[in-house]
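> 3D model of this:
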Amino acid sequence: MHTVRRLAPTAALVASLLSSLGAAAADRYQVDPVHTFVLFRVQHLGLSYSYGRFTQVDGTFSVDEGDLAKSAVELTIRADSIATQDAKRDAHLNSPDFFNSKAFPVIRFVGKRFARGADGHLQVTGDLTLHGVTREITLPMDHVGEGKDPWGGYRSGYEGRVSLKRTDYGMDFMVGPVGETVELILAVEGIRQ
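As a prediction, this is how the structure comes out:
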């Protein structure tokens, strides 16, 4: 009986420690806009692909591997930061024919659910708001790595790819000559806060 009394406080202490570890919040990362890329490709005339990127991306993320329900991500992309290496095309893409960036200046993704897929990918389901339309998408993400940087900070990086139909977001100008399906590559690097 004496042994049981000694073990009970020890078991309670261990349970308390494990509970506090599980309750600890995941590290929060601020997106490093210099090392974060939102790239896209879309078919041109059914003959080749045109590529581009958005140069202004901001946001935060945290991934709690112990409890994915505690994870979060919020990304904001300036629509008028589109860059395709052709100023005339960029201006057209910013016009009401495509992104209409004056009316819809921000593209936003907010994660709602996180799960680990059978293939090991992190499946991030959330709301993508583009061109004034919000739709739920699932973005498979790979954790590329994490560690200390040369400036005394700590960083973490993820990359994911997803295909979207631009017509789902009301962007139906020139479907045919310009592909309906747009492939996105999101490469995000964050600095721990």
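> tell me where the chain has helices.
Along the chain, the stretches classed as helices by DSSP state H are 2-23, 87-94.
> hey, least reliable of these by pLDDT?
Confidence, taken as mean pLDDT, is least for helix 2-23 of those (a mean of 40).
> for stretch 37-48, buried residues please.
Buried residues in stretch 37-48, counting neighbours by 16 or more other Cβ atoms under 10 Å, are found at 37-38, 40-41, 43. Where you see a C-beta, it was placed from the backbone N, CA and C, and this is true even at glycine.
> could I get the residues you listed as JSON lines with pLDDT and distance to residue 144?
As requested, the buried residues of stretch 37-48 are exported to JSON lines (pLDDT from 0 to 100; distance: Cβ to Cβ, whole Å):
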{"residue": "37", "pLDDT": "96", "distance to residue 144": "12"}
{"residue": "38", "pLDDT": "97", "distance to residue 144": "16"}
{"residue": "40", "pLDDT": "96", "distance to residue 144": "19"}
{"residue": "41", "pLDDT": "96", "distance to residue 144": "20"}
{"residue": "43", "pLDDT": "95", "distance to residue 144": "28"}
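> from these, which single one is nearest residue 123?
For the buried residues of stretch 37-48, the closest approach to residue 123 (Cβ to Cβ) belongs to residue 38, at 19.0 Å.
> strands of the chain, residue ranges please.
29-31, 37-44, 48-54, 57-62, 72-78, 82-83, 106-116, 122-130, 133-148, 154-165, 178-192 (DSSP state E).
> relative orientation of the fifth one and strand 48-54 in degrees?
Taking axes from the mean of the first three to the mean of the last three Cα atoms, to 10 degrees, one finds that strand 72-78 is oriented at 100 degrees with respect to strand 48-54.
> excluding its backbone neighbours, what's nearest residue 39?
residue 185 (4.3 Å; Cβ to Cβ, 6 or more residues apart in numbering).
> which residues touch that neighbour?
37-40, 159-161 (Cβ atoms under 8 Å, 6 or more residues apart in numbering).
> of those residues, closest to residue 63?
residue 160 (12.4 Å).
> excluding residues flanking it in the chain, which one is nearest that closest one?
Distances taken as Cβ to Cβ, 6+ apart put residue 141 closest to residue 160, at 3.9 Å, once the chain neighbours are dropped.
> where are the low-confidence patches of the chain?
Low-confidence segments of the chain, defined by pLDDT under 70: 1-25.
> how many neighbours does the closest residue to residue 78 other than its chain neighbours have?
Closest residue in space to residue 78, ignoring its immediate chain neighbours: residue 56 at 3.9 Å, by Cβ to Cβ, 6+ apart. Residues lying near residue 56 (other Cβ atoms under 10 Å) number 16.
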